[in-house]
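Participant: Following is a predicted model, sequence given first.
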Amino acid sequence: MSVPDETFTVTPRPSAAGPYVLEVSGELDHHTAPLLAEAVNDAPFGPYGVVLDLSGLTFCDSSGITVFVSAHRRSRAQGSQLSLAGVAPAQMRILRMVGLDEVFTFHAGVDEALRAARPSRP
């Protein structure tokens, strides 16, 4: 089920054998940030963690960054992992400027994030 807005959606992609993916697309700002915050609060931060797929994100202001930080805090409190996938170069530049490149785990895309979350086999 998607959480719709005229310019923003969050689509959960649950997986029994991997991270819970939240596919985020559109503009993340002070109007839409509560939708992502709600989706993050509903996400099961389990043993495989949560991946925020940001490949469809076209804009992100400080409200969105605040949601990312809150999600990170929630993942830590749950003893789980939070990864950001598909971050556009312009958005990555902002995350670097505020020091969040040192906080989050980044992946080029969701497939890479899913491969990284799978336990290695002996």
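Facilitator: Yes, it's here. Residues are numbered from 1 along each chain as shown.
Participant: Look up phi and psi at the nearest residue to A33 once chain neighbours are set aside.
Facilitator: Computed as C-beta to C-beta, 6 or more residues apart in numbering, the closest residue to A33 that is not its neighbour in sequence is S63, at 3.9 Å. C-beta coordinates here come from the backbone N, C-alpha and C atoms, glycine included. When read as degrees, to the nearest 10, the backbone of S63 gives phi -60, psi -40.
Participant: With the one 5 residues further on instead?
Facilitator: With angles defined as degrees, to the nearest 10, F68 shows backbone torsions of phi -60, psi -50.
Participant: before we move on, the earlier item: hmm, the residue nearest to A33 is touching L28, no?
Facilitator: Yes - under the criterion of C-beta atoms under 8 Å, S63 makes contact with L28 at 7.2 Å.
Participant: Which of the two has more residues huddled nearby?
Facilitator: L28 (27 against 16; other C-beta atoms under 10 Å).
Participant: Give me the three-state assignment for the residue lying closest to that one once chain neighbours are set aside.
Facilitator: Distances taken as C-beta to C-beta, 6+ apart put G64 closest to L28, at 3.6 Å, once the chain neighbours are dropped. Secondary structure for G64, judged by DSSP: H, G, I helix; E, B strand; the rest coil, is helix.
Participant: How much space separates G64 from A77?
Facilitator: Separation of G64 from A77 (C-beta to C-beta, to the nearest Å): 20 Å.
Participant: Neighbour count for these two, which is higher?
Facilitator: Neighbour totals were compared for G64 and A77, and G64 leads with 24 against 9 (other C-beta under 10 Å).
Participant: what about G109, distance to V69?
Facilitator: Taking C-beta to C-beta as the measure, G109 falls 22 Å from V69.
Participant: check contacts around the residue nearest to A33.
Facilitator: Counting by C-beta atoms under 8 Å, 6 or more residues apart in numbering, S63 makes contact with 28-30, 33.
Participant: Before I go, just wanted to say thanks for your time.
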